[in-house]
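A.B. asks: here is a sequence with its predicted model. Questions after.
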Amino acid sequence: MISAASSWKRLGRRSALRHSAAAVVFLAIAALPALAQPRPGQEPAQRGGQPKQDTPYIIVATFRGDNRELGVEAADEVRKRIASEHSAQELFVVTKHNINATLEASGYRADSALSPNDLMELSKQLHGEYVLDATVSKSGNAVLLEPRILLRTANNTMTQPLPLVNGKDPGDAAKLVEREITEAIKGMAPYKLCVNDLRAQKWDQAAKDAAAGITAYPNSTLSRLCLLSAVTGSKGSPDSVIAVARGILALDSTNVLALSNVFDAFRAKNDTKNALQVGEKLLALDPSNSALRNAVISLDVTENNYEPALHLVDSQLKDNPGDPQLLGTKWKLLLGAGRFKDAIVTGDELAKVDSAQVTVDYYNRMLGAAQQGGDSTSIVRLAVAASQKFPKEISFVNLATQIYFKSGQYPKALESARRAAQIDPKNPAPWQFIVATQNQMHMPADSIVATGQAAVKAGVPADTLAASLMTIASGPLKHAQETSQRSDWLDALKASQTVDAIAPSSQTKFYVGVSAFSIAADATQSVQKLYNNGHPAKGDAPKACEEIKVAEDNFANATINVPAGGKFDPKTAGTIMGNIGQYTAFVSQVKTALHCK
């Protein structure tokens, strides 16, 4: 068929072609009568005289197929056959002369095989109510015709498929096609009544008219489509919709309207498996339908069919590379399928083509993919980027802090943690990182204590800081255990009491008690040496009394804190409390003997 651009060139100064979104609109020639009669030698006039005002017109133009001559000949034979079997007042056949004249005036060849949309535009110009659309081919010596009637209802083109015709020649095929057309037209009157009732929302009457149309022409897809509209219009059940639609599909397996209604009905029933089967058929017929594509993908996800959904999206991306919506869908499918490495690659591509997609949720999903995929490089990259793009999103700042801390970048970790604490002062995580980082950087205990005090003042529950602050106490305690030096136990006691003052717990109480007991035990041993079985050396008695004072004070401290921390280490706590009884008895005896004040 000649392109619209070529048509314009051929028309020159004649009236211009109009255009529609679907097809070329044909030009009506003012000088050409709508019912121009054939000249002598052309076509015989159809019997019955002139058509009435309400007589339907039928247009039969060149059929489509590989053989143009066969398309012309078969159409001519069908046109002649219909004209011979029907009077002009019953069914008027638009003449070949009028068809050719209109085509040529619009810049087309007279023997052009038009698309269905262009045929409908031609029918507007020639007042055609029915259009015979057909493809023709040869199989050996036989002529095969696949005919269907097209007609316009409101702004829609409706299709009535006719049975496949197999004739020994074009004339024989035309005879068979005419019979099918005659049968199909029997159902048109009740079908039109049904359409009128639909417009008036008379659903029950429309269903009756549709039933009459099916009775008049059992193979009527048109009346069944009207019945389907009546069922859906009256809010019929999904099963009733499916039943009617299947009757249509039995006659026309590619009927988009019937398939669409079945698709919706299965989804309404939550029958995902059957809905998917129908949806895939629909998508094959209408691959550019993005809403349908998304619906099918959603069903695939429901069924955990990620790979078919990904294949569907990839096929669309071939024609639309870099499409943000398609990339976003693919990214989410890859995440759902657990293909985390591919998801990160696609997510990076999505961010490049559409920065609006780079949201907090985007980074959360990307970071989740990197973490589940064990991709430490991407975790670092994404966490830093996320904390920079969303500086007030504390989860990203905390993650960046954690990454800096684990990689030993303590100054950056400290800076990041302090920023997080400013964002959400009551959140324990930033303060915990600050304490841990200060400890790793060997900052003075006073600095760490100040951090703990500031956290508690900001509203952080003290118990959430205990674990982080325990590093202040656990280090000195461990060192004292290794050296057994009283000075080291004194450091451990001070550190433990500091932590206990900020974030008391059974562990801090236990550490205080153990440290105090160890100091008291060391002082008791010193007393024992100085006492020398009741005969202290000259000048040792005052020193022994001083050690007794140290022992008594620390045993008292241990007596309070060891039971309070017993939950942390019940066995050790029990042993210490047993020893305290023995030690204090000895200390009291020596104190009396030496008359210590």
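C.D. replies: Perfect, I can see it now.
A.B. asks: pLDDT at residue 32, what is it?
C.D. replies: With respect to pLDDT, residue 32 scores 35.
A.B. asks: what do you get for residue 27?
C.D. replies: For residue 27, pLDDT reads 32.
A.B. asks: longest single strand anywhere in this protein?
C.D. replies: Criterion DSSP state E: the longest strand present in the chain is strand 142-153.
A.B. asks: roughly how far does residue 83 sit from residue 47?
C.D. replies: The gap separating residue 83 from residue 47 is 8 Å, by CB to CB, to the nearest Å. C-beta here means a position set from N, CA and C on the backbone, and glycine is covered the same way.
A.B. asks: quick one, which of the two is more surrounded?
C.D. replies: Neighbours per residue (other CB atoms under 10 Å) separate residue 83 from residue 47, with residue 83 holding more: 24 against 13.
A.B. asks: let me see the contact set for that one.
C.D. replies: 44, 46-47, 93 (CB atoms under 8 Å, 6 or more residues apart in numbering).
A.B. asks: hmm, 6 Å instead?
C.D. replies: 46, 93 (CB atoms under 6 Å, 6 or more residues apart in numbering).
A.B. asks: so how far is the helix or strand it falls within from its chain's centroid?
C.D. replies: Secondary structure from DSSP states H and E places residue 83 in helix 68-85. Counting by CA atoms, centre = their mean, to the nearest Å, helix 68-85 is centred 53 Å from the centre of its parent chain.
A.B. asks: likewise for stretch 202-220?
C.D. replies: For stretch 202-220 - counting by CA atoms, centre = their mean - the centre lies 42 Å from the chain centre.
A.B. asks: stretch 333-353 too?
C.D. replies: On CA atoms, centre = their mean, the centre of stretch 333-353 falls 12 Å from the chain's centre.
A.B. asks: list the buried residues for that stretch?
C.D. replies: The neighbour-count check on stretch 333-353 (16 or more other CB atoms under 10 Å) flags 333-335, 337, 339-340, 342-344, 346-347, 350-351 as buried.
A.B. asks: check stretch 497-516 too.
C.D. replies: In stretch 497-516, counting by 16+ other CB under 10 Å, buried: 497-500, 502-516.
A.B. asks: and if you look at stretch 306-317?
C.D. replies: 306, 308-310, 312-313, 316.
A.B. asks: next: stretch 96-110.
C.D. replies: 96-103, 105-108.
A.B. asks: could I get those residues as TSV with secondary structure and distance to residue 144?
C.D. replies: Output for these, formatted as TSV (DSSP: H, G, I helix; E, B strand; the rest coil; distance: CB to CB, whole Å):
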residue	secondary structure	distance to residue 144
96	helix	22
97	helix	28
98	helix	28
99	helix	23
100	helix	25
101	helix	30
102	helix	28
103	helix	25
105	helix	32
106	coil	30
107	coil	31
108	coil	26
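A.B. asks: domain parsing for this protein?
C.D. replies: 4-185, 187-236, 244-303, 474-593 (automatic domain parsing).
A.B. asks: start to end distance for the shortest one?
C.D. replies: Distances were taken as CA to CA, to the nearest Å; on that basis the terminal residues of domain 187-236 are 24 Å apart.
A.B. asks: what about residue 333, distance to residue 146?
C.D. replies: From residue 333 to residue 146 the distance is 39 Å (CB to CB).
A.B. asks: flag the shaky bits of the stretch 351-500 of the chain, pLDDT-wise.
C.D. replies: Along the stretch 351-500 of the chain, no part satisfies pLDDT under 70.
A.B. asks: same check on the stretch 151-300 of the chain?
C.D. replies: Judged by pLDDT under 70, no stretch of the stretch 151-300 of the chain qualifies at all.
A.B. asks: break down it into its strands, ranges please.
C.D. replies: Using DSSP state E, counting those that start in this stretch, the strands of the stretch 151-300 of the chain run over residues 156-161, 165-167.
A.B. asks: so what touches the longest one?
C.D. replies: The one in question is strand 156-161. With contact meaning CB under 6 Å, 6+ apart, strand 156-161 is reached by 120, 148-151, 184, 221-222, 252.
A.B. asks: now do the buried residues in it.
C.D. replies: 157-161.
A.B. asks: mind checking how far it is from the chain centre?
C.D. replies: Remark: strand 156-161 is offset 35 Å from the chain centroid, using CA atoms, centre = their mean.
A.B. asks: before we move on, what about the last one?
C.D. replies: Here strand 165-167 shows a centroid-to-chain-centroid distance of 50 Å under the convention CA atoms, centre = their mean.
A.B. asks: tell me the contacts of the most far-flung residue of the chain relative to its centre?
C.D. replies: For the chain, the largest distance from the centre (CA atoms, centre = their mean) belongs to residue 538, which lies 90.3 Å off. Neighbour list for residue 538: empty [criterion: CB under 6 Å, 6+ apart].
A.B. asks: try the one 10 residues further on
C.D. replies: Going by CB under 6 Å, 6+ apart, residue 548 touches 527, 587, 591, 596.
A.B. asks: host element of it?
C.D. replies: helix 540-564.
A.B. asks: list the buried residues of the helix or strand following that helix.
C.D. replies: Sequence order places helix 570-593 as the next helix or strand after helix 540-564, per DSSP H and E. Residues of helix 570-593 classed as buried by neighbour count (16+ other CB under 10 Å): 572-573, 576-577, 579-580, 583-584, 587, 590-591.
A.B. asks: likewise for stretch 485-493?
C.D. replies: Going by neighbour count (16+ other CB under 10 Å), the buried part of stretch 485-493 is 486, 488-493.
A.B. asks: quick one: that stretch to chain centroid distance?
C.D. replies: 61 Å.
A.B. asks: which other residues reach that stretch?
C.D. replies: By CB under 6 Å, 6+ apart, stretch 485-493 touches 476-477, 479-480, 515-516, 518-519, 522.
A.B. asks: ok, stretch 511-528 next?
C.D. replies: So stretch 511-528 is in contact with 473, 477, 486, 489, 492-493, 496-497, 500, 544, 547-548, 550-551, 554-555, 557-558, 561-562, 565, 576, 583, 587, 590, going by CB under 6 Å, 6+ apart.
A.B. asks: strand 142-153 and the helix holding residue 83, what's the angle between them?
C.D. replies: Angle, helix 68-85 to strand 142-153, by axes from the mean of the first three to the mean of the last three CA atoms, to 10 degrees: 70 degrees.
A.B. asks: in the stretch 1-150 of the chain, which spans are helices?
C.D. replies: Under the criterion DSSP state H, counting those that start in this stretch, helices of the stretch 1-150 of the chain are mapped to 4-11, 68-85, 96-105, 116-125.
A.B. asks: mean pLDDT and distance to residue 258 for those - can I get that in CSV?
C.D. replies: Output for the helices of the stretch 1-150 of the chain, formatted as CSV (pLDDT from 0 to 100; distance: least, CB to CB, whole Å):
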stretch, mean pLDDT, distance to residue 258
helix 4-11, 30, 32
helix 68-85, 95, 27
helix 96-105, 94, 32
helix 116-125, 92, 18
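A.B. asks: dump those helices into TSV; add distance to residue 283 as well.
C.D. replies: Shown next, in TSV, are those (distance: least, CB to CB, whole Å):
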stretch	distance to residue 283
helix 4-11	29
helix 68-85	31
helix 96-105	35
helix 116-125	21
